[in-house]
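In: let me see the structure of the following:
(one chain, ligands or ions: 1)
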Amino acid sequence: MSEKILSISKRTRVTPFTRRVEAAGVKAYTVYNHMLLPTVFESVEADYWHLCEHVQVWDVAAERQVEINGPDAARLVQLMTPRDLSKQESLQGKYAPMCDAEGKILNDPIVIKLSDDRWWISLADSDIKLWAKGLAQGYVLDVKVFEPDVSPLAVQGPKAEELVARVFGDAVKSIRFFRGEMLAFEGVDMYVARSGWSKQGGFEIYLPQWDLGEALWDALFAAGEDLNVRAGCPNGLERIEAGLLSYGSDMTDEDNALECGLGVFLNLDADVESLSLPALRAMADKQTRVHAGMLFDEPVDFASVANNIGGFDVLDGDECVGEVRSQIWSPRYKKHLAMGIVQKTWHEGRATVEIAGQQGRIVALPFSAEDLQA
Ligand code: THG
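Out: All right, here's what the predicted structure looks like:
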């Protein structure tokens, strides 16, 4: 589909950083959790090279938090995910897919434990607050479920640590991956974690007060001038090379967590109370579809195989054997990268695929350096 203009109103919520994002020349947005999420500044490719070499500040406020607060908070969060959270420490984050009782994926957030009875679910794009409220009602849990005034701002790229340390102090340098600290900015403590939706390294600052957003943005830009800091956003090219999945594209609530390549984040043997674990255990060896990566040495005309549900058909003769859900040409590797879901019986033992007349290789996900460079 060609690019279109998005109509923006109060319903497509702005963020604490939107005025700065506009001033920085944002070229396109998507809507994520009913909020604006920038997708392009200069161009996807120019944004990519800058991200891989310097440092960018990303308005990812649309990764909204659902706060679960109260004596039953840990129980409710564990009910929602098949990942074992029992050993999670305070100020630690975990990538924790959320599934329904059939093992279907409802969201793939980062779950952050602030304390035993206070958790944030840092959302991908679906209305998990409503689901959490429903479960709290049905299970008669002693919790409050709400969207707090918390807006993540990501700082990503090889110079991110240096920039965040200039604003928050050297304490950030000892923060490990998916851990965080409460650090002060203008006298206000905020959660700063080593995380973010790229493989270039970096931090996420969870702004806890809307009216401090522009001051935080300005402080990062003032401190980072000599680091060539600029505004950026989750990058469609970098995230596909990294094999990071996007909820709504790579997986939906019609796919179960096993067939989307999320198996490594599930703890099927855990002795925890989770709504989806019984179903996922029962179907672990009965999967009919698998997640597959594909690499092509020439650009593929995916538009010619676009289906009418937003993806691209994988055909074997006349038979549709799967769907590519994300794809992009990589100028770095000079390959067309694709991720999708295909029939397991078709996939077994198969090394090659043909799409729109181009021969490609079937590879494992996430893409390995060897496969990308081959
Ligand atoms: N940051 C915050 N919230 C988010 C995202 C984020 N919410 C939506 C979306 N991104 C959630 N999806 C992901 C997917 C992958 C990762 C993070 C968020 C990720 N995964 C690592 C990996 O796959 O190597 C590590 C996972 C782990 O070890 O637990 O980083 O970006 N606040």
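
In: next one: Gly236 from Gly157, what distance?
Out: Gly236 sits 16 Å away from Gly157, going by CB to CB, to the nearest Å. To be clear about C-beta, it is placed using only N, CA and C from the backbone, and glycine gets the same treatment.

In: tell me which of those two has more neighbours.
Out: Neighbours were counted for Gly236 and for Gly157 using other CB atoms under 10 Å; Gly157 has more, 28 against 19.

In: isn't that one right next to Glu53, touching?
Out: Yes: between Gly157 and Glu53 there is a contact at 7.4 Å, judged by CB atoms under 8 Å.

In: may I have stretch 163-175 as CSV, with CA atoms only?
Out: Coordinates of the C-alpha atoms in stretch 163-175 are reproduced here as CSV (Å, rounded to 0.1, in the frame of the first residue of the first chain):
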residue,chain,number,x,y,z
LEU,A,163,24.6,10.4,26.5
VAL,A,164,22.4,9.0,29.3
ALA,A,165,25.3,9.1,31.7
ARG,A,166,25.8,12.8,31.0
VAL,A,167,22.2,13.5,32.0
PHE,A,168,21.6,11.0,34.8
GLY,A,169,25.2,10.4,36.1
ASP,A,170,27.6,7.5,35.9
ALA,A,171,25.2,5.2,37.8
VAL,A,172,23.7,4.3,34.4
LYS,A,173,26.9,2.6,33.3
SER,A,174,26.5,-0.2,35.8
ILE,A,175,22.9,-1.0,34.9
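
In: buried residues in it, which are they?
Out: Within stretch 163-175, the residues that count as buried by 16 or more other CB atoms under 10 Å are Leu163, Val164, Arg166, Val167, Phe168, Val172, Ile175.

In: tell me what the spatially closest residue to Met80 that is not a sequence neighbour is bridged to.
Out: Across the structure, with CB to CB, 6 or more residues apart in numbering as the measure, the residue nearest Met80 apart from its sequence neighbours is Met98 (4.8 Å). With DSSP bridges as the criterion, Met98 is bridged to Asn107.

In: isn't Met98 right next to Thr81, touching?
Out: Yes: the pair Met98 / Thr81 is scored as a contact, 5.3 Å apart, by CB under 8 Å.

In: so, low pLDDT: which residues of the stretch 51-200 of the chain?
Out: Scanning the stretch 51-200 of the chain with the threshold set as pLDDT under 70 gives no residue ranges.

In: near the ligand, which residues of it are found?
Out: Residues of the stretch 51-200 of the chain found near the ligand, taking CB under 6 Å from any ligand atom as the criterion, are 63, 94-95, 108-110, 122-124, 152, 178, 195-197.

In: of these, buried ones?
Out: When burial is judged by neighbour count using 16+ other CB under 10 Å, the buried members of these are 63, 94-95, 108-110, 122-124, 152, 195-197.

In: ok, these vs Tyr48, which is closest?
Out: For these, the residue nearest Tyr48 by CB to CB is Trp197; the value is 13.5 Å.

In: what's the spacing between the closest residue to the closest one other than its chain neighbours and Thr39?
Out: Taking CB to CB, 6+ apart as the measure, Trp197 lies nearest to Pro234, with 4.9 Å between them; neighbours along the chain are not counted. Counting by CB to CB, the separation of Pro234 from Thr39 is 7 Å.

In: do Pro148 as well
Out: Using CB to CB, one gets 25 Å for the distance from Pro148 to Thr39.

In: at which residues are the helices of the protein located?
Out: Along the chain, counting by DSSP state H, helices occupy 18-23, 44-53, 73-80, 128-138, 160-168, 213-223, 236-241, 277-283, 344-347, 369-373.
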